[in-house]
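Chemist: sequence plus the predicted model coming up.
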Amino acid sequence: MIFQPKSLDYERSPYTGLTRDSWIEAGKYLLGGVFSHIQDMDAPVVMPRTETEVTYPHKNAAGKQLRLEEMAQKFEGLARSFLIAAPLIHIEPDMALGGYPVREYYRRQVLYACTKGHPNFVGCYEDLQALTDFADPFRAFQQTVETCALVICLENSRAEIWDTYTKEEKDVVAGFLSSYAAAPTVPQNWRLFNMLVMAFLHKEGYAVDTDVMREHAQAILNYYAGDGWYRDGHSFDYYSCWAFNVYAPIWNEWYGYAHEPYIAAQFEQNSNKLMESYGDFFDRDGHTNMWGRSNVYRNAATSAFDGNFLLKNPAADPGLSRRIASGSLLQFMTRDDFLENGLPTMGFYGQFTPLVQGYSCAESVFWLGKAFLCLHLPADHPFWTAKENNGSWETLGEKEVKETVLDGPALCFTNHNANGETILRTGKVVKNRGDEHGMWNYGKLSYNSKYPWESAPSGEVESMQYVLRDLTRHTIQKCNVTLWHESREGVLYRRQFFDYTLAAETHWMQAVNLADFPVAYGILRVDKLRLFCSPVSLTLGAYGFPDNGTQILRRESGSAKAVILKGRDHTGQEKQLAMTIYDGWDTLELLHSAHTNPDSEKSVVVYAKTARHKQYGYEPFILISQVITRETLEDFTEDELFPIADITYTDKEKRGGYGPVTILLKDGTRKTVAFEGMEGKLLL
């Protein structure tokens, strides 16, 4: 059964109809699934599992390791479901779900989790170190993450839970929290967990080490890459939005404004910078793009808007913020495959194991509860009272494309009004050879808000990725590193290396220079091979297409070829995709697959294929292709399928070995692609 809100107001919310009451209903809907599995008031939030191969407690865990994982799972279940429950408890203290008084349940469970000797105790830092025989004095544990969620929830339900504890009970909770506050943590977004716990303890009158606080805060500040985004490890992803740009504003409010004004001012400035373009990161329906790790958190990325409203001088547009938050909520909660046994699946829509990571458990999905933090905003806050607006989408022409280029985090996203989709192109990506999961999450050539990434249907074909086969060594190579160059005159330049490794000079690695630009319904590519060794064959897939009965059409125009797919996704939404190839490619082929698409059990990938046969034969270098999509079955026009009027090369052989390549489109648009000089500015 899908979520069907009862409270709707299409005057205040013309795009979604959702109001604060609708969000309260949605929170109860999700929590109702949790409480349908609670056996009694003393039982922890441990949910039934549908995925057991990847997630923890891992199937081979035993002894002390199993004990560690079971305690972490209990705490994840408690803290993350509390993200939804806490604001609801504040709004409706006497709320009951599944016959349980929710406030009293969480009041008890917090104490149980923090109390040594209780069956639900999740371990102080020192206890977990003892379980690992103190093998690593700098080890961080999952509990550090959840302590941060816990203090946010205690603040959001302060009057209903925290203030009802006795001094002795508060001391128990504070002692547990203190064991993690100054303990080792992961040197990335995790530092914010320690900062929030220390900030909570500090304002409750407990002693904290302010030097430790300052050490973490300066590090977080220096992870900032510009344009509102922070680097988290090697990569940029939604952690910049649902961690850095949520926790930093909370820290400002609790501690930073009063005690570290310089750092707090920078955090505020960075959040406001994000708000300048973050609305355009979502599509016309407010949908979240499937990109980066931890996709089981779904719409949690919208929590950055709520974080901004905690600042002294927020820059977020409240009507746009609520429209996107509500649109993303509906993206998931209106699907019949979103829940299994009343709980969010381990997937993006339905269960989808290829995106699941080993650090997740069945309860991890409730990180999406961060989207519900907006419920702490009072009913008269502009977030709830402003009329919904759709930002840039309201001003775009019929087939206009708005492009945003952020050099700091190496993100380029385009809003395509012709089909309502947002397409993301990324750079500054480094993954190990063979890390296909990492490549799917970060290394696709583009990510489409309406076509979530497809995992590998075949060793030699990947959706939105090049795959190279060495015909001499009979090996398969995939692009694991993406370097960012720049956007110049409307063309985005990047480079991808196949099987990049520090053990070799880059000249001994196969590579492809990427150049692409948006058209009304998608992206047109004018890439250039950078090979040192042939013969090779090469494939490039389009987006994975949900196959629920697909019509396949083939068209040609001169030497150009196109394949068109028409069908519907899991929800019945009409879908259409076309891939067109020009110079450099030989054929367009189809690959049918199962269990590789997040939307549907079956899928089909259109892919281009070519080969280079000579070691030094001056064979074609340039690869020109286009992928366009729409959410209707209305035919693409001839000019949309075959948009190029003329291709002009510098070299007389017309193979693109050197010099600019100029693409003249039938609508009169002219794009000149020039790769020379890239070597002097490749960014990571």
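Modeler: Okay, I see it.
Chemist: who's in contact with Val34?
Modeler: Contact analysis of Val34 by Cβ atoms under 8 Å, 6 or more residues apart in numbering lists Val45, Met47, Ser81, Leu97, Gly342, Leu343, Phe366. Any C-beta I mention is one placed from the backbone N, CA and C, and that applies to glycine too.
Chemist: for His37, see how far away the first one is.
Modeler: Think Val45. 9 Å (Cβ to Cβ, to the nearest Å).
Chemist: quick one: which of these two has more around it?
Modeler: Val45 (27 against 16; other Cβ atoms under 10 Å).
Chemist: so the more buried one sits in a strand?
Modeler: No: according to DSSP: H, G, I helix; E, B strand; the rest coil, Val45 belongs to no strand; its state is coil.
Chemist: low-confidence regions, the protein specifically.
Modeler: For the chain, no stretch is flagged by pLDDT under 70.
Chemist: domains of it?
Modeler: The chain breaks down by automatic domain parsing into domains covering 37-394, 401-643.
Chemist: need those domains in a markdown table with distance to Pro5, can you?
Modeler: Shown next, in a markdown table, are the domains of the chain (distance: least, Cβ to Cβ, whole Å):
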| stretch | distance to Pro5 |
| --- | --- |
| domain 37-394 | 9 |
| domain 401-643 | 17 |
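Chemist: out of these, flag the one nearest Gly659.
Modeler: Closest to Gly659 of the domains of the chain is domain 401-643 (Cβ to Cβ; 10.8 Å).
Chemist: now the closest residue to Asn299 other than its chain neighbours, what's its secondary structure?
Modeler: Using Cβ to Cβ, 6 or more residues apart in numbering and skipping the chain neighbours, the partner closest in space to Asn299 is Ser328 (3.9 Å). In three-state terms, and counting by three-state DSSP, Ser328 is helix.
Chemist: surely Ser328 touches Asp283?
Modeler: No: applying Cβ atoms under 8 Å as the test, Ser328 and Asp283 come out as separate, 9.7 Å apart.
Chemist: please report phi then psi for the nearest residue to Asp599 once chain neighbours are set aside.
Modeler: In this structure, Asp599 finds its nearest non-sequential neighbour in Pro546, 4.6 Å apart by Cβ to Cβ, 6+ apart. Backbone geometry at Pro546, expressed as degrees, to the nearest 10, gives phi -60, psi 130.
Chemist: which stretches of the stretch 551-684 of the chain form helices?
Modeler: Under the criterion DSSP state H, counting those that start in this stretch, the stretch 551-684 of the chain contains helices at 638-641.
Chemist: may I have the longest strand along the chain exported as CSV, CA atoms only?
Modeler: Across the chain, the longest stretch assigned as strand under DSSP state E is strand 475-488. What follows is strand 475-488, C-alpha atoms only, in CSV (Å, rounded to 0.1, in the frame of the first residue of the first chain):
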residue,chain,number,x,y,z
THR,A,475,41.2,-8.1,-20.9
ILE,A,476,38.3,-5.8,-20.0
GLN,A,477,39.1,-2.2,-18.8
LYS,A,478,36.8,0.3,-17.2
CYS,A,479,37.2,3.9,-16.3
ASN,A,480,37.9,4.3,-12.6
VAL,A,481,39.3,7.8,-12.6
THR,A,482,37.6,11.0,-13.9
LEU,A,483,39.6,14.2,-14.1
TRP,A,484,37.9,17.6,-14.4
HIS,A,485,39.2,20.1,-16.9
GLU,A,486,36.7,23.0,-17.3
SER,A,487,33.6,24.2,-19.0
ARG,A,488,34.4,26.4,-22.0
